[in-house]
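S.K.: Model the structure of this input:
(chains A, B and C)
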Amino acid sequence: MVEDTNSVPNDSEERVPIMQQILDNPFLLLFIGVAMPTVFYIVWGVMEIVTIPIAK
Amino acid sequence: MSSIHPPTARLWWKQPIDRVEGTWIAIAFLWCLIMFFMMPYWHITGKQNLSNEAYRTTPEAFSKKAQDMVDKHTVRTETDQNIPVVHPPAGSDVYLIARLWAWWPVLELEQGKSYRLHLSAMDYMHGFSLQPANINLQVIPGYEMVVTVTPNQSGKFSIICNEYCGIGHHKMVSNLYVVNK
Amino acid sequence: MANNETFRTCPRTGLQFHDSAEMLMKANAVVGVVFLLLGGVLALLIGLTKWPDVHLLPADSFYLVLTAHGLDMLVFWIIFFEIAVLYFCSSTLLRCRLATPRMAWLAFALMLIGAVTTNVAIFQGNSSVMMTSYVPMQAHPSFYLGLILFAVGALIGCFVFFGTLVIAKAEKTYQGSVPLVTFGAVTAAIIAVFTIASGAIILIPTFLWSVGYIKTIDPLMYRVIWWAFGHSSQQINVAAHIAVWYAIAAIVFGAKPMSERVSRTAFLLYIFFLQLASAHHILADPGISSEWKVFNTSYAMYLAVLASMIHGLTIPGAIEVAQREKGFTKGLFEWLRKAPWGNPVFSGMFISLIGFGFLGGISGVMMGTEQLNLIIHNTIYVPGHFHATVVIGTTLAFMALTYFLIPVLFRREIMFPGLAKWQPYLFGFGMYVFALVMMGAGTLGVPRRHWDMSFLGAAMPYEFPGSAYLLMSLVGISAVVAVIGGGAYILVTVSSIFLGKKLDAGVISNKPTPVVTPVSAAISGHGSLGIAGFAAPGTFVLAMVFLVAFVLYYFINWKYLSQVWGLS
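M.R.: Numbering: from 1, shown residues only, chains lettered A, B, ... in the order given. You can find the predicted model right below:
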C-alpha cells in the first residue's frame, strides 16, 4: 500500500478523539454513572451516619 | 439529518462551538461558581447555618433530659392538659420532644439570647416548623440534633409538624414564646 | 430467531418499527396512561381537599389517596412510559431488532404485577405511609414487595435497552455514534440503573423488617439511601424528557443539534453529577456534615445545573436555527412567533421547556442550597417545585410526544383534533398556576402532606394568614383546571387509539434496513445565520431573561434567610 504522503489526513482516516470514544461507550458511562453517586453520595453519607457519636 | 439520526460528521467532536453556545456556557458556568461559593461564604459570614452537632440517642435518654429541664424551669402550665411552659436560663441546653402528636414542653425564650436547642423524636419522623418565622428542621427518632438558636423577634410563635406522622399529624402544634427582658 | 420477525417502515415518517418492540412500546405506554388516569382522579380528590373551603376528604382517606397519587404518578406512570421511550430510542431510532423481547415482556409483567400489588396494599387502607414510606412507620409487606417487583422489572427493561444498543452496533444498523436523542436515553437508563439499585438496597431490608426478619431499620440511614432512589428517579425523568424535547425539535422542525459536542457533554455532566442531588432532601437532617451537604447538593459545583442551562439554550437554539434556515429571519423572534403553536406536539414541548426552566429549575436550585433549604424544607413549596419539574417538565413532554406517537406507533388518526390543540395550554398553564401558588403558600409556611391547615382539634392551633388561605384556594382551583387538561389528554389518546381512523401501516419486511447516513457534510458552524455572529440570537435573549430571573430570585431568598432567627 502506497500512501500519498502529501495529502492532509482526511476525515475518514483520522483517529476518533478520546472524548468522542468515551461518549460512544455506553458501558463505560454506565460504570461512571453508577460509581460516582455510590462513592460520593451513598458511601460518604453512610460513613457520616455511622460516625455520629452516642449522646452523653 | 437531525437529533434523531446519527451525527453526519464522523468526527463530530471537532465541530467548532457556535459563539452563542460558548458565550452562554461561560456565563452559566460563572453563575454556577457564584452559587457554589455562596454556601461556604454563608458559613463564614452568615448567621443562619445548621451546626453539624448531633448524637445517637434513645427515646428514654432524651426524655429524661427533657424531664430534668422541665422539673427545674417550669414557670406555668397551659391548656386543660397542663402542658408545662419552661423558661430555661439563657445559654442553657433546651430539650424539645416530638411525639405523636405533640411537641413537649412549651418553651419560653428571651429575645437576643442564645440557646442550645436539642431536638429528637420519640416514635416516627416529625418535622419542626417554626411559624411564622418559617424555620424548618427534620426530627428523626434515635438522633438528637443540637442547634443554637437566637430569637431575633419577640412574641408568640407556633411549632407545627410538617413531616407526615399519621392520622393526628394536623393536631401536632405547640406554642413557643419569645419574651423581651 | 429472526425468521418470524418483521419490520415495518412508517410511511409518514420513515421510522422503522420492529414488531416485538412495537408491541412492547404500545403495552408500556398504554399501561402508563392507565396509571396516569388513576393518578389524575386521585389528584382531583387531593386538590379538592387542599382547597380549604371544600376540604373534601376525611383525614384517613386523604393520606391514603396522597400515598397512591405519589406512587402512581411519580413512579408507575412515568417509568412505564419511560420504558416505552427507551425501546423507541434504541430499537426504532437505531433501526434494529429489540434485544430479548421475552425478557422485555417479563420486565413488563413484573412491573405490572408490582404496581398492582402496591396499589392494592394502599387501597386496602393499611399502607398510608406516603410515597417515601419513612421508617419506622410501617406499611403492609405487600406495599414494599410490589415496589421491589416493579423495580426489578424496570431494571430488566433498562438492560434490554442496553442489549439493543449492543445489537445495533454488532449488526451495523447505523454508523458512527448513536443519535443525540438515543444518547439522552442512554443517560436516562444509566441514572435508572443507579436509582433502581438504591431502591433495592433499601426496600429489600425494609420488606424483611415489615415481615419481622429484621428488627430495626435505622431511620436516618433509610432517608439517605431511599432518596438515592426517590430523587434519582426524578433525574431519570429529567434526562428522558430532555431527550424527548430534542426529539420533538427534530420531528417538528428537522432541527439538528447546534453542536453534538456541547449537547452530549451536557448529558455527560448529568451522568457524572445529576444523581448527587438526592442530598436536597437531607439538608435539614441531623448528623450529616456540611461538607457532604454542600458537595452533593450542588452536584459538585452545580455542574448538572450547568448542563440543564446548556440544554435550555441548545434546544430552542436548534429550533431557532432550523426556523431561520427556512426563512423566518426577521428580528429576534419571528422564528418563535411563526412556530406551529396549533400543533400540540410543539406547543406541549415548548410549554414544558419554559415551565421546567423558569418554575422548576430556579426553585429547585434555590431550595437545594444548603442554608436556603431551612426556610422551605417540608413546606408545600416542595411539591410546588416538583410539580413544575415532573408534571410540567416530564408529563407534559410525554403528552406532547404521544400526539406524535398516535399516528406513527398506533397508526390511528387523532380524534378531537380541536381539543388536542388546546390540551397542552389548558394542562400546562393550569400547572403553571398550580406550581406558583403552591410555592407561594410554602413561603408562608404551609406544610406539605398535611390534611388541615386550620389544625382542627389541636390544643394550641396556629392561625395562618389570610393570604395563605387564598393561595391554597387557588391551589384547589388550578388543580381542577389541570385535571380537566389531563382528562382531555386521556380522552383524546384513549379514543384515538381505540376508535380513531386506522392509518396505513406501511411496508413490512422481514429484515431491518439500516440507517442511511448521508455523505459526510463538511464540519462547520452556522456561519451566515443570525445576528452579530450569534446563530440563535432570540434564544440567547430568552436565556438572558432566564438568568436575570434566576439571579434575582436566588438573592431575594438569601435576603429572606438573613432575616430569620440566628442559627448555628
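S.K.: Show the average pLDDT along the lengthiest helix in chain A.
M.R.: Identified as the longest helix of chain A according to DSSP state H is helix A:26-37. Averaging pLDDT along helix A:26-37 yields 97.
S.K.: which intervals of the chain have sub-threshold pLDDT?
M.R.: With no chain named, the answer covers chain A. Where chain A drops to pLDDT under 70, the residues are A:1-12.
S.K.: let's do chain B instead
M.R.: B:1.
S.K.: quick revisit: what does the helix or strand following the longest helix of chain A rub up against?
M.R.: Following helix A:26-37 in sequence order, the next helix or strand is helix A:44-50 (DSSP states H and E). For helix A:44-50, the surrounding residues in contact (CB atoms under 8 Å, 6 or more residues apart in numbering or on different chains) are C:218, C:220-221, C:224-225, C:279, C:282, C:287-289, C:292, C:296. In short, each C-beta sits where N, CA and C put it, glycine included.
S.K.: burial count for residue B:2?
M.R.: 20 (other CB atoms under 10 Å in any protein chain shown).
S.K.: Just the buried residues of the helix or strand where residue C:149 lies, please?
M.R.: According to DSSP H and E, residue C:149 maps onto helix C:141-170. When neighbours are counted by 16 or more other CB atoms under 10 Å in any protein chain shown, the buried residues of helix C:141-170 are found to be C:141-165, C:167-168.
S.K.: same deal with stretch C:66-86?
M.R.: Buried, per 16+ other CB under 10 Å, within stretch C:66-86: C:66-86.
S.K.: The helix holding residue C:149 and chain B in contact?
M.R.: No. Using CB under 8 Å from any CB of the partner chain, helix C:141-170 stays clear of chain B, with a minimum separation of 10.3 Å.
S.K.: Next, the distance between the ends of stretch C:7-18.
M.R.: Stretch C:7-18 stretches 5 Å from its first residue to its last (CA to CA, to the nearest Å).
S.K.: buried stuff in it?
M.R.: C:7-10, C:15-18.
S.K.: Including pLDDT, could the residues you listed go into a markdown table?
M.R.: A markdown table is the format used below for these (pLDDT from 0 to 100):
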| residue | pLDDT |
| --- | --- |
| C:7 | 94 |
| C:8 | 93 |
| C:9 | 93 |
| C:10 | 92 |
| C:15 | 93 |
| C:16 | 93 |
| C:17 | 95 |
| C:18 | 95 |
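S.K.: quick one, phi/psi of residue C:208?
M.R.: Residue C:208 adopts backbone torsions of phi -60, psi -40, taken as degrees, to the nearest 10.
S.K.: I should have written residue C:379 there, sorry.
M.R.: phi -80, psi 180.
S.K.: mind listing what the residue nearest to it when sequence neighbours are not counted touches?
M.R.: Leaving out its chain neighbours, the residue that sits closest to residue C:379 by CB to CB, 6 or more residues apart in numbering or on different chains is residue C:442, at 3.8 Å. For residue C:442, the contact set (CB under 8 Å, 6+ apart) comprises C:376, C:379-382, C:384, C:448.
S.K.: Where does residue C:442 sit: helix, strand or coil?
M.R.: helix (DSSP: H, G, I helix; E, B strand; the rest coil).
S.K.: Tell me the spacing between it and residue C:387.
M.R.: 12 Å (CB to CB, to the nearest Å).
S.K.: Can you pull the residues that touch both of these two?
M.R.: Taking CB under 8 Å, 6+ apart as the criterion, residue C:442 and residue C:387 do not both touch any residue.
S.K.: Residue B:150 against residue C:565, yeah?
M.R.: Yes. Judged on CB atoms under 8 Å, residue B:150 makes contact with residue C:565 at a distance of 6.0 Å.
S.K.: Counting neighbours, what do you get for residue 46?
M.R.: Reading this off chain A. 15.
S.K.: Not quite, go with chain C.
M.R.: Neighbours around residue C:46, by other CB under 10 Å: 22.
S.K.: Quick check: it vs residue C:438, distance?
M.R.: 12 Å.
S.K.: likewise residue C:233?
M.R.: With CB to CB as the criterion, residue C:233 and residue C:438 are 21 Å apart.
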